[in-house]
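Novice: after the sequence you'll find the predicted model.
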Amino acid sequence: MTHIRTTTFPPQLSEATAQPPTTSGAVSAGRGWDLLLLCLAGFILTSVARIHQLFPALAVIRPVTITGMLAIGLSLVDRVSPRRMSAFRIPATRYLLALVVWMALSAPGALWPGGAVATFIDFVKTALIFLVIVTAVRSVRDVERLALVYFLGAAIFAVMVLTHTQFQLDVGGRMERLDFYDSNDFATYTVTALPLGVYFASTGRRVVRFVAVAGIAVLATGFLWSGSRGGFLALLAVLAYFLLRYTTVRGSWRWSAVVAVAVLLTAVAGDTYWTRISTVLHPTEDYNLTSEEGRIRIWQRGVGYMIEHPVLGVGAGNFPRAEGTISPLVGRQPLGRGLKWGPPHNSYLQVGAELGVPGLVLFVVFLASVFRALRALPVVLESPDSTGRRLMERARLAQSLTASLIGFAVGAFFLTLAYHDMLYVLAGMAVGMRQVSVNAVRRLAAATR
């Protein structure tokens, strides 16, 4: 008899001793790449990793648009059985759809309706890619493939940053000029990729492990060069999760790894780096506290925009316009001196100010639903690929994706990334992993009737 249960990871794993009946709907975990997955891989490499900007010849053909549209089109015509499901039954999908609708409602009354509409159109494409990823994965192996692409894309970006001096402007020992990402965005990007590298370094073939270890080293070096304080806090959050909740790796190994990371940071990072990081605890002379263009004052004004426009906000993508038109600073600027139309430097405040309180609630609930999708994965105890080792790998992948999302959630507190593909690609992999597990449960339940 096949036993199926839903559990929070890590499950109590044991070697499977029986095989369930063979069903025609079963999906082979060994099924390889197809055109849809290749298009999604191309989208991740260009939209998140920005490979085409590192190699300018690729930018001419607009690969983000091409790969994204191809992926969406292929998903609409795809007839592979495991991909036939109603994605709108998934809570995270419904919350994201509600956020898209709310963004559309905010456009007519926005400070700049044209900008709100443009942001809305871009976000619709992002939401569609999330749906495509959720429906494209046929098995956990497909989630692994996309996670590997995400990790390798980050590593390639880091290599290009570290080896091309035109991407560097040394100001106080940190990189300030990168292509597309600034140093803080890049730090958060590396933090979201590192847990996936840990997964591949502990799972898979020897070649994959070697590449993963090399990629982790490159990302760690790039992270140090970024000098990002927000990224450092995000890394601390990921390390805390790794120590306390990454239970698919032995506790002694986790502590050893964290100690090794601490020693590496101490040995490699220079005095300039630690002086900058120390300002997190001693921010007395930090411009973020004293300047009108610092984060604290921007956040205070952002809360004001949300209070003044609590329902629909100032409009998607309109925070900079609010800074230049309705900010309390507008009437206090000296003659001949302009205002900086800057971003909010906080993804949660970005949504709250631009889409109002309901938009912020939908965004936070969406994030929570993605974490929940990974928290309680259905586990099939006696399926062809559910040996103790394979189930452990599945739980480890879920924990690695959770760590990546924690890194984003903390890093995004200091960055303007609420509508960025980085989040929705990770969320798509997380929700897709849960969905393929649910589909497997349904097939096995049907086979035993």
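Specialist: Thanks, I have it. Numbers count the residues shown, from 1 in each chain.

Novice: tell me who's in contact with Glu308.
Specialist: Residues near Glu308 by C-beta atoms under 8 Å, 6 or more residues apart in numbering: Ile326. C-beta: built from backbone N, CA, C; applies to glycine.

Novice: so how far is Ser400 from Val137?
Specialist: Using C-beta to C-beta, to the nearest Å, Val137 is found at 16 Å from Ser400.

Novice: same question for Thr46.
Specialist: Looking at Thr46 against Ser400, where the rule is C-beta to C-beta, the gap reads 23 Å.

Novice: got it, and Lys340?
Specialist: Distance from Lys340 to Ser400, by C-beta to C-beta: 39 Å.

Novice: looking at those two, which has the bigger crowd around it?
Specialist: Ser400 (25 against 13; other C-beta atoms under 10 Å).

Novice: tell me who's in contact with that one.
Specialist: Here Ser400 is in contact with 147, 195-196, 198-199 (criterion: C-beta under 8 Å, 6+ apart).

Novice: can you tell me the closest non-neighbouring residue to Arg276?
Specialist: In space, Arg276 comes closest to Gly227 once its chain neighbours are excluded; the distance is 5.4 Å by C-beta to C-beta, 6 or more residues apart in numbering.

Novice: repeat that for Val357.
Specialist: The shortest distance from Val357 to any non-neighbouring residue, by C-beta to C-beta, 6+ apart, is to Pro310 (5.2 Å).

Novice: ends of stretch 311-327, how far apart?
Specialist: End-to-end distance of stretch 311-327 (C-alpha to C-alpha, to the nearest Å): 19 Å.

Novice: how far does it sit from its chain's centre?
Specialist: Relative to its chain's centre, stretch 311-327 lies at 25 Å (C-alpha atoms, centre = their mean, to the nearest Å).

Novice: my guess is Leu152 meets Gly215, correct?
Specialist: Yes. With contact defined as C-beta atoms under 8 Å, Leu152 and Gly215 form a contacting pair (6.7 Å).

Novice: any idea how far the host helix or strand of Ile296 is from the chain center?
Specialist: Using DSSP states H and E, Ile296 sits in helix 295-308. A distance of 25 Å separates the centroid of the chain from that of helix 295-308, by C-alpha atoms, centre = their mean.

Novice: packing partners for whatever helix or strand comes next after it?
Specialist: Per DSSP H and E, the first helix or strand lying C-terminal to helix 295-308 is helix 319-325. Helices and strands touching helix 319-325, by 3 or more C-beta pairs under 8 Å, 6 or more residues apart in numbering; DSSP states H and E, are helix 295-308, helix 347-375.

Novice: for the first one, buried residues please.
Specialist: By 16 or more other C-beta atoms under 10 Å, the buried positions in helix 295-308 come out as 295-299, 301-302, 305-306.

Novice: now it - C-alpha only, PDB.
Specialist: Only the C-alpha atoms of helix 295-308 are listed here, as PDB (Å, rounded to 0.1, in the frame of the first residue of the first chain):
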ATOM      1  CA  ARG A 295      17.200  56.200   3.900                       C
ATOM      2  CA  ILE A 296      15.600  57.200   7.200                       C
ATOM      3  CA  ARG A 297      14.200  60.500   5.900                       C
ATOM      4  CA  ILE A 298      13.100  58.900   2.700                       C
ATOM      5  CA  TRP A 299      11.300  56.200   4.600                       C
ATOM      6  CA  GLN A 300       9.600  58.800   6.800                       C
ATOM      7  CA  ARG A 301       8.400  60.600   3.700                       C
ATOM      8  CA  GLY A 302       7.300  57.300   2.200                       C
ATOM      9  CA  VAL A 303       5.200  56.500   5.300                       C
ATOM     10  CA  GLY A 304       3.600  59.900   4.800                       C
ATOM     11  CA  TYR A 305       2.700  59.200   1.200                       C
ATOM     12  CA  MET A 306       1.100  56.000   2.300                       C
ATOM     13  CA  ILE A 307      -0.900  57.800   5.000                       C
ATOM     14  CA  GLU A 308      -2.000  60.500   2.600                       C
END
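
Novice: OK, contacts around the residue nearest to Phe363 when sequence neighbours are not counted?
Specialist: Of all residues not flanking Phe363 in the chain, Val351 sits nearest, at 4.5 Å (C-beta to C-beta, 6+ apart). Val351 sits next to 359-360, 363, 418 when contact means C-beta under 8 Å, 6+ apart.

Novice: ok, Val117 next?
Specialist: Ala107.

Novice: that one sits in which helix or strand?
Specialist: Element membership for Val117, per DSSP H and E: helix 113-136.

Novice: how about the helices and strands packed on helix 319-325 in CSV, adding mean pLDDT?
Specialist: Below are the helices and strands packed on helix 319-325 laid out as CSV (pLDDT from 0 to 100):
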stretch, mean pLDDT
helix 295-308, 91
helix 347-375, 95
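
Novice: to Leu105, which of those helices lies closest?
Specialist: Closest of the helices and strands packed on helix 319-325 to Leu105 is helix 347-375, at 8.8 Å (criterion: C-beta to C-beta).

Novice: which helix or strand lies directly C-terminal to the helix holding Val117?
Specialist: Next along from helix 113-136, by DSSP H and E: helix 140-163.

Novice: return the distance of that following helix from the chain's centre.
Specialist: 13 Å.

Novice: cool, stretch 317-333 as well?
Specialist: With C-alpha atoms, centre = their mean, you get 30 Å for stretch 317-333.

Novice: where does pLDDT dip in the chain?
Specialist: Applying pLDDT under 70 to the chain picks out residues 1-30, 79-87, 165-179, 204, 270-271, 280-292, 294, 331-338, 376-389, 439-449.

Novice: swap the cut-off to 50 and go again
Specialist: For the chain, the stretches with pLDDT under 50 are 1-7, 9-30, 169, 380-386.

Novice: how much space separates Leu264 from Leu329?
Specialist: 43 Å.

Novice: same check on Pro344?
Specialist: Pro344 is 15 Å from Leu329, by C-beta to C-beta.

Novice: kindly report the same for Ala136.
Specialist: On the measure of C-beta to C-beta, Ala136 and Leu329 end up 47 Å apart.

Novice: which one's more surrounded, these two?
Specialist: Ala136 (25 against 15).

Novice: how about the strands in this structure?
Specialist: 4-8, 376-380 (DSSP state E).

Novice: which parts of the stretch 201-350 of the chain are helices?
Specialist: Here the stretch 201-350 of the chain has its helices, by DSSP state H, counting those that start in this stretch, at 206-226, 229-244, 251-268, 271-278, 287-290, 295-308, 319-325, 347-375.

Novice: for those, which one ends up most surrounded?
Specialist: Highest mean neighbour count among the helices of the stretch 201-350 of the chain (mean count of other C-beta atoms under 10 Å): helix 347-375, with a mean of 22.

Novice: perfect, I'm done here.
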